[in-house]
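K.L.:
mind folding the following:
(one chain, ligands or ions: 2)
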Amino acid sequence: STFYERYHSLEDIYHWINRTQQDNPNMVKAILIGSSYEKRPLYVLKLSVNNRPNKKAMWIDCGIHAREWISHAFCLWFVQNSLSFYKLNQDITRILDNMDVYILPVMNPDGYQYTWTTNRMWRKNRSVSKSSNCIGVDLNRNFDANWCTEGASDEPCTEIYCGAFPESEPESQAVANFLRSHKDSVQFYLSIHSYSQMLLFPYSCTLDEAENHKDLLEMAQEAAQAIRRYYRNTYKYGSGAKTIYLAPGGSDDWAYNLGIKYSFTFELQDRGRYGFLLPPSLISRACNEALIAVKTIALKVIEKT
Ligand code: 0X9
Ligand code: ZN
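P.N.:
Ligands and ions are numbered 1, 2, ... in the order given. Next comes the predicted model:
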């Protein structure tokens, strides 16, 4: 199997980030956007094919949840695919010619490290609570979008602990700060999770419909159709609250409210057979089908903006 068809330790991913930027100096730049609770660096890779100003941008983060290893693998896959197929694949070329891409391969490095060393099923970050002996905040409940209402918990011992206050965690704060300072260019926000095969969009923090619900639904539907057509696999799609569950404080809803009108969360393979323990032999299929969904939506965003 190739490098991209395996899961990689945090240390390997940091090396990969370094090497990827060194090997592609014209297209890739690593940007340090902050550090984790345990002081590990948070690097974003910026893919940019020329210095044309006023270019639009998309953002992809992976690994908000530590145990969702296919998510981290997807970010690496996406970068590799973009770098290899620019000028060869028509869709990739069109996307990169029109958009810069910001990729955060590991949003929760402390949690990811912990899943490699100690507990494979760890979800949250590793921050120590003042009020409890339990460790970790669910970073996808820590953003300022109906923060800590129904679907999150203020109890530090739960898997959906929202933290002491919105953006209490350095990881969510780093992402929020970066997006706030790039909100004029970023038009497409995407967060990669697993599992359950769903293409979700706002809102998850309320049952209300997003203002551009029709657009979002149409884009998600087209993406799901592409996956069905090319990979014969089924993805559900819809607003988070109605498709999966009410879950406030998520990055997608927060980014949407910031003004990033095309905001999605993808839940990759599978539907529960292996769950978070998706075997390496299934990485390539899982990533390729997600990639076609990303391309479908990115092309739509370019058309609409
Ligand atoms: O609950 C979550 O954070 C996500 N599902 S997961 O199984 N990967 O934990 C879904 C996130 C959907 N979006 C929001 N809740 N904002
Ligand atoms: Zn997740």
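K.L.:
host element of the residue lying farthest from the centre of the chain?
P.N.:
For the chain, the C-alpha lying farthest from the average C-alpha position belongs to Ser131; by CA atoms, centre = their mean, that distance is 29.8 Å. Using DSSP states H and E, Ser131 maps to neither a helix nor a strand.
K.L.:
need the residues of this structure near ligand 1, please.
P.N.:
Proximity of the chain to ligand 1, by CB under 6 Å from any ligand atom, involves residues 65, 68, 140, 193, 200, 204, 240, 244, 247, 250, 252-253, 265, 267. (Each C-beta comes from the backbone N, C-alpha and C, glycine too.)
K.L.:
Leu42 in helix, strand or coil?
P.N.:
strand (DSSP: H, G, I helix; E, B strand; the rest coil).
K.L.:
OK, contacts around the closest residue to ligand 2 within the stretch 1-150 of the chain?
P.N.:
At 3.5 Å from ligand 2, His65 is the closest residue in the stretch 1-150 of the chain, using CB to the ion. Residues near His65 by CB atoms under 8 Å, 6 or more residues apart in numbering: 71, 108, 111, 123-124, 138-140, 193.
K.L.:
what is the end-to-end distance of stretch 251-270?
P.N.:
22 Å (CA to CA, to the nearest Å).
K.L.:
where does this protein have low pLDDT?
P.N.:
51-54 (pLDDT under 70).
K.L.:
in it, what residue lies closest to ligand 1?
P.N.:
The chain approaches ligand 1 most closely through Gly250 (2.0 Å), counting by CB to the nearest ligand atom.
K.L.:
near that residue, how many other residues are there?
P.N.:
Using other CB atoms under 10 Å, Gly250 is surrounded by 31 other residues.
K.L.:
equivalent analysis for the one 10 residues further on, please.
P.N.:
Ile260 has 22 neighbouring residues, counting by other CB under 10 Å.
K.L.:
test my guess that it contacts Tyr189.
P.N.:
Yes: contact criterion CB atoms under 8 Å: Ile260 and Tyr189 qualify, at 4.5 Å.
K.L.:
mind telling me what element Arg285 is part of?
P.N.:
Residue-wise, Arg285 maps onto helix 283-304 under DSSP H and E.
K.L.:
and that helix, what does it pack onto?
P.N.:
Here helix 283-304 touches strand 56-62, helix 69-85, helix 90-98, strand 99-104, strand 186-194, helix 213-231, strand 262-268, going by 3 or more CB pairs under 8 Å, 6 or more residues apart in numbering; DSSP states H and E.
K.L.:
next, show the common contact partners of Ile260 and Tyr189.
P.N.:
Common neighbours of Ile260 and Tyr189 (CB under 8 Å, 6+ apart) are 59, 179.
K.L.:
roughly how far apart are the nearest residue to Leu83 once chain neighbours are set aside and Leu47?
P.N.:
Leaving aside its sequence neighbours, Leu83 sits nearest to Asn24 (CB to CB, 6 or more residues apart in numbering; 5.7 Å). Asn24 sits 9 Å away from Leu47 when distances are taken as CB to CB, to the nearest Å.
K.L.:
related to what we said a few turns ago, give me the number of residues near the residue nearest to Leu83?
P.N.:
16.
K.L.:
please verify my assumption that it contacts Ser84.
P.N.:
No: the criterion here is CB under 8 Å, and Asn24 misses it with Ser84 at 10.3 Å.
K.L.:
next, the residue of the stretch 1-150 of the chain closest to ligand 2: secondary structure please.
P.N.:
coil.
K.L.:
for the helix holding Arg285, output the C-alpha coordinates as CSV.
P.N.:
Coordinates of each C-alpha in helix 283-304 appear next as CSV, following Å, rounded to 0.1, in the frame of the first residue of the first chain:
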residue,chain,number,x,y,z
ILE,A,283,-9.0,4.2,3.2
SER,A,284,-8.7,4.7,-0.6
ARG,A,285,-12.3,4.1,-1.3
ALA,A,286,-13.5,6.2,1.6
CYS,A,287,-11.3,9.1,0.6
ASN,A,288,-12.0,8.9,-3.1
GLU,A,289,-15.7,9.0,-2.6
ALA,A,290,-15.4,11.9,-0.2
LEU,A,291,-13.1,13.7,-2.6
ILE,A,292,-15.7,13.5,-5.4
ALA,A,293,-18.3,15.1,-3.0
VAL,A,294,-15.8,17.9,-2.1
LYS,A,295,-15.2,18.5,-5.8
THR,A,296,-18.9,18.6,-6.6
ILE,A,297,-19.6,21.2,-4.0
ALA,A,298,-16.5,23.3,-4.6
LEU,A,299,-17.4,23.6,-8.3
LYS,A,300,-20.9,24.6,-7.3
VAL,A,301,-19.5,27.3,-5.0
ILE,A,302,-17.3,28.6,-7.7
GLU,A,303,-20.4,28.8,-10.0
LYS,A,304,-22.5,30.6,-7.5
